[in-house]
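[1] got a sequence here, can you model it:
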Amino acid sequence: MASPRADLTLVRGLAVGHAQDPTGSSGVTVVRFRAPTPTVVDVRGGAPGTYDTASLALETTYGRRWAIFLTGGSLFGLDAARGVRAEILASGGGQRVFANPNRVVPISGAVLFDLPKVERALPDYEALGAAATRAASRRAVGSGRVGAGTGATVGKYLGRARSMPGGLASAGRRLEPRGAVGVLVAVNAVGAVRDPSTGRWVAGARNPMGRIAPPGTRRDRPARARGTTLAIVATDLAVERSTLARIAAIVHAGLGRAIVPYLTSSDGDTVFAASTGVAGPPPDEAWPGATADRIGTAAAELAVAATLGAVLAAQHRSGARRAGAKDRRTSRSV
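    You can find the predicted model right below:
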């Protein structure tokens, strides 16, 4: 039997789906859980756009979710929640509470800013949310300009015109002696992306020669920019929500290794963390917090890998599209 792919679907008890607007301007990604799943959120960017995250605080009573959605469209993208919820209800999900005959479907989500500069009709995010939920599967997650990463850009510190394509990607890893952890990242950062293992800039603002101009090294007046990096980290080990909160914080640290600058005033950087519990409880801790440290450290490395994979896949697709357009122009001229 073929081994599962090393992405978020390595984690049992969840499925991932994408939907894109036909214009290729925006999209939605949904991580759908098999059952209500313990979830937390760590919002650290200065300009977040989120859906029902207050009830994920550690001091709240419930803190479980049927799905998490990531979407483009800024606040318009929050309409995706209606589509996600309706689709889960239609497929038999949700639960009754307080003896009420209606089923409720707790979900949470976050948005990134990919709105165009020119006025035009916005995508139907409710329909995209429903489509992404229907598409959720255990197949390969995909990378680059898919789902919530469809309209993403990075390196907007010198203006959006100088930015490069952002995108979405995921990475996963098995844990010893059992279980797995995975991270999905939608990269739409104001900052640039750097490979921390080599120090090489992978994506960012381009100078007039087309090369990447690292942040903080140019005399150009910084541009007012909006961005966001959204991440979902999940494990199939049954861990407490307090442990998930520490894991989410460590993932932020990993993202900060690859994205420079990170957590700016105009970014909405947000990390969700969830535990499906399918693999059972983790091994006994050698010291308090050992489980959070072990899973969080692995997840931080996966967050770096997913961030690099997202922008590299987006650049590859963008380059292939430009090459295809050039070939078509050449064929018409001969």
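
[2] so Ala192 sits against Pro214, correct?
    Yes: the criterion here is CB atoms under 8 Å, and Ala192 meets it with Pro214 at 6.3 Å. Using the backbone N, CA and C atoms, a C-beta is placed for each residue, glycine as well.

[3] okay, these two: which has more neighbours?
    More neighbours sit around Ala192 than around the other of Ala192 and Pro214, counting by other CB atoms under 10 Å; the figures are 27 against 16.

[4] which strand residues bridge that one?
    Here Ala192 shows beta-bridge partners Val260, assigned using DSSP bridges.

[5] give the contact list for it.
    For Ala192, the set of contacting residues under the criterion of CB atoms under 8 Å, 6 or more residues apart in numbering consists of Val154, Gly155, Tyr157, Trp201, Ala203, Gly204, Ala205, Ile212, Pro214, Pro215, Ile259, Val260.

[6] closest one of the residues you listed to Val233?
    Within the set of these, Ile259 lies nearest Val233; the separation is 15.8 Å, counting by CB to CB.

[7] relative to Asp195, how far out is that closest one?
    Separation of Ile259 from Asp195 (CB to CB, to the nearest Å) stands at 11 Å.

[8] please identify which of those two sits among more neighbours.
    Under the neighbour definition other CB under 10 Å, Ile259 and Asp195 were set side by side, and Ile259 has more, 30 against 16.

[9] the more buried one and Val193 touch, don't they?
    Yes: judged on CB under 8 Å, Ile259 makes contact with Val193 at a distance of 5.9 Å.

[10] quick check: neighbours shared by those two?
    Shared contacts of Ile259 and Val193, defined by CB under 8 Å, 6+ apart, are found at Val154, Val187, Thr307.

[11] which parts of the stretch 51-200 of the chain are strands?
    Along the stretch 51-200 of the chain, the segments classed as strands by DSSP state E, counting those that start in this stretch run 64-71, 95-96, 103-104, 107-111, 153-154, 164-165, 167-174, 180-188, 192-195, 200-203.
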